[in-house]
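**Student:** Structure of the sequence below:
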Amino acid sequence: MIEKNQAKDDHDVTNTASTSVLYGIGLMLLSEVFWVAMNAMIKFLRDDFSTIQLLFFRNLIPIPAMLILLMVMGNLPALKTSKPLTHLLVGFIGASGMFALIYSLNFLSLSQTVSVTYAAPLMITALSVPMLREKVGFKRWAGVIVGFMGVLVLTKPQSGFDPIILLLLASTFSFALVVVLRRRLSKTDESAVIVFYFSLIVVTCASVILPWYWRQPTSTEWILLLVMGIFALGAQFFMMQAIKLAPVSVIAPLLYISLVFAVTVDVVFWGIVPDQTTLLGAGIIIAAGLYVIYREGSQRKRSRGGD
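**Tutor:** Numbers count the residues shown, from 1 in each chain. Below you'll find the model as predicted:
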């Protein structure tokens, strides 16, 4: 009888874990939809508003949202951080990276933009060695190198380097830096606190020069700008929740599905079909990224140094 009850309990635990992972996968896919929708909205509004104004509204909504979340959790004292300088550094780097990304969207298709940002996991792996003292073996380094070859394909070197793609690569590198620094911050601060200070610093940076680039939105544009901010909040919030419910090794590969959403938006709204070079470069980066994620997952399971 005891054995039957134990078996039933184990079965229930397994079912609960499986359900949690499925919810995590669903939330991650939802996060990707919100992320692509946010960038599509930025691209749509880019002709009418400056990069600075879009940067401001892109980060405005998460500030009150994270405050409300902390109040509901009864955890406002968590805002008293012990790492203010690190938060400032993350905010400044993030502001620079977002500025470059928003500016790039004026010249590149959504699928091109998304494809180049796929280099971020490879950059994170490379940066984790000097900044987090993590061990990366030969096989993962090989995956990183192959991934960067995919980036070279995307830049179409036969016709000369596209400076806008180089700017987007700089933005992607900034994002990778932010992720690595956030890993450090996550040891002392909660996710909501990190998002709050990040958004606050970016909005403050944009506010300094916003008066010189401000254009008064119409009633419809106010709504569109706020929706863009809500999409940004949704992308961050659903990703945070997904990571809590499912292992990173399960969640991380889903990042690459956003290319499907981006291509769909390009075709439906702008009539742009990605060319073969874009798809080839994206394919190489995705394959390399998935391999690096797989090797990292295997490494963590073995809990040994090197690959």
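**Student:** Can you name the element that comes right after the helix or strand of the chain with the lowest mean pLDDT?
**Tutor:** Taking mean pLDDT, DSSP states H and E as the measure, the chain has helix 248-251 as its least confident helix or strand, at a mean of 66. Downstream of helix 248-251, the first helix or strand assigned by DSSP states H and E is helix 258-265.
**Student:** contacts for that next one?
**Tutor:** Helix 258-265 is contacted from outside by 32-33, 35-37, 39-40, 110-111, 113-115, 118, 274, 282, 286, using C-beta atoms under 8 Å, 6 or more residues apart in numbering. C-betas here are computed from N, CA, C, even on glycine.
**Student:** Flag every buried residue along whatever helix or strand comes next after that helix.
**Tutor:** Using DSSP H and E, the helix or strand that directly follows helix 258-265 along the chain is helix 276-302. For helix 276-302, a neighbour-count test (16 or more other C-beta atoms under 10 Å) marks 278-279, 281-282, 284-286, 288-297, 299 as buried.
**Student:** One more: stretch 46-57?
**Tutor:** Arg46, Phe49, Ser50, Thr51, Ile52, Gln53, Leu54, Leu55, Phe56, Phe57.
**Student:** Start and end of it, how far apart?
**Tutor:** Length of stretch 46-57, first residue to last, C-alpha to C-alpha, to the nearest Å: 12 Å.
**Student:** oh, and call the first residue 54 from now on, that's how I've got it
**Tutor:** Taking 54 as the first residue, the last one we looked at is stretch 99-110.
**Student:** For it, give the mean pLDDT please.
**Tutor:** Mean pLDDT, stretch 99-110: 94.
**Student:** same thing with stretch 218-229?
**Tutor:** If you average the pLDDT over stretch 218-229, you get 89.
**Student:** wait, what's in contact with Gly77?
**Tutor:** Here Gly77 is in contact with Gln294, Ala295, Ile296, Lys297, Leu298, Ala299, Val303, Ile304 (C-beta under 8 Å, 6+ apart).
**Student:** which stretches of the stretch 204-353 of the chain aren't confidently modelled?
**Tutor:** Where the stretch 204-353 of the chain drops to pLDDT under 70, the residues are 208-214, 300-303, 305, 349-353.
**Student:** mind running it again at 90?
**Tutor:** 204-219, 222, 225, 228-229, 231-245, 247-248, 288-317, 319, 321-353 (pLDDT under 90).
**Student:** residue ranges of the helices in the stretch 54-203 of the chain, please?
**Tutor:** In the stretch 54-203 of the chain, the helices defined using DSSP state H, counting those that start in this stretch lie at 55-98, 104-113, 115-125, 137-157, 163-170, 173-185, 191-207.
**Student:** Could you list the alpha-carbon positions for the strand or helix carrying Thr257 in CSV?
**Tutor:** Applying DSSP H and E as the criterion places Thr257 in helix 244-262. Output of helix 244-262 as CSV, limited to C-alpha atoms (Å, rounded to 0.1, in the frame of the first residue of the first chain):
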residue,chain,number,x,y,z
SER,A,244,14.4,40.1,-11.6
ALA,A,245,11.7,42.8,-11.1
VAL,A,246,14.3,45.1,-9.4
ILE,A,247,16.8,44.5,-12.3
VAL,A,248,14.2,45.3,-14.9
PHE,A,249,13.0,48.4,-13.0
TYR,A,250,16.4,50.0,-12.7
PHE,A,251,17.3,49.1,-16.2
SER,A,252,14.2,50.7,-17.6
LEU,A,253,14.5,53.7,-15.3
ILE,A,254,18.1,54.4,-16.4
VAL,A,255,17.4,54.0,-20.1
VAL,A,256,14.4,56.4,-19.8
THR,A,257,16.5,58.9,-17.9
CYS,A,258,19.2,58.8,-20.5
ALA,A,259,16.7,59.3,-23.3
SER,A,260,15.0,62.1,-21.4
VAL,A,261,18.2,64.2,-21.3
ILE,A,262,18.0,64.9,-25.0
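**Student:** Alright, I will stop here.
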